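[1] Got a predicted structure here, sequence first:
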Amino acid sequence: MALTIDYVSDWQTRLRGRIYWQFKGKPKIQAWVDMVARQFSDIEDALQTLLTLPSIDDSAGAQLDLLGRLLGQARGGVDDDTYRTYLFATRFANKSSGTAEDIYRVFAALFASPMLILSSPVKSFRLTLWNILTPDQAAVGLRFLRKVKEAGARAILEFTTISDDNIMRWDVEGHGWDVSTFGSATQA
């Protein structure tokens, strides 16, 4: 949904019409109103230009490539929907200061996955994703983890690469857990 704002084309007339009667015809007041009207016009033109800029949600193809160049995220041969996801995550990663909340926000944008972040007092943490990742997705996750983590921090990304049938599940026959879910862990 695009935001629209009514455009005022003549701020000078609008502001001159609002001058109190005792100040009408005074040259210094008229000069001041004209100066303010020019500034209002410049601000309105700039804001109207901002409304026409492409957004990640509404863009496709070459527009997404342009936004990717602005954000510093290469397309890497992925389709528009995947690239749009990477751009959202990059936007959060670019503003990150390495906190757990920042890391959570980036990975929630990347993989709509339940996750767990466990930190230790020695500047390290483990990020566990409960989604099944392909090797390509794991490489993307590792790249984003390196980008978003605090400098000098040790980060471990845990994930699974096995099928949904082998995820940890409770055995109804009473034998306990059947299969361990985490097939992979990598360090950033």
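    Okay, I see it. Predicted, not measured: the structure shown is a model, and the values here were computed from it.

[2] quick check: domain ranges of this protein?
    Listed by automatic domain parsing, the domain ranges of the chain are 11-51, 96-187.

[3] Not counting its own residues, what contacts the lengthiest strand in the chain?
    Longest strand in the chain, counting residues (DSSP state E): strand 124-132. By CB atoms under 8 Å, 6 or more residues apart in numbering, the surrounding residues in contact with strand 124-132 are 100, 103, 107, 111-119, 141, 145, 149, 153-164, 167, 181-182. (Each C-beta comes from the backbone N, C-alpha and C, glycine too.)

[4] And the next helix or strand past it?
    Later in the chain than strand 124-132, the nearest helix or strand by DSSP states H and E is helix 135-148.

[5] Show me which residues of that next one are buried.
    Of all the residues in helix 135-148, those buried under the rule 16 or more other CB atoms under 10 Å are Gln137, Ala138, Val140, Gly141, Leu142, Phe144, Leu145, Lys147, Val148.

[6] Quick one: distance of that helix to the chain centre.
    Centroid displacement of helix 135-148 relative to its chain, using CA atoms, centre = their mean, to the nearest Å, is 16 Å.

[7] swap in stretch 145-155?
    18 Å.

[8] Which one of the domains of the chain lies nearest to Arg84?
    domain 96-187 (10.1 Å; CB to CB).

[9] what's the offset of that closest one from the middle of its chain?
    20 Å.

[10] Then stretch 92-106?
    10 Å.
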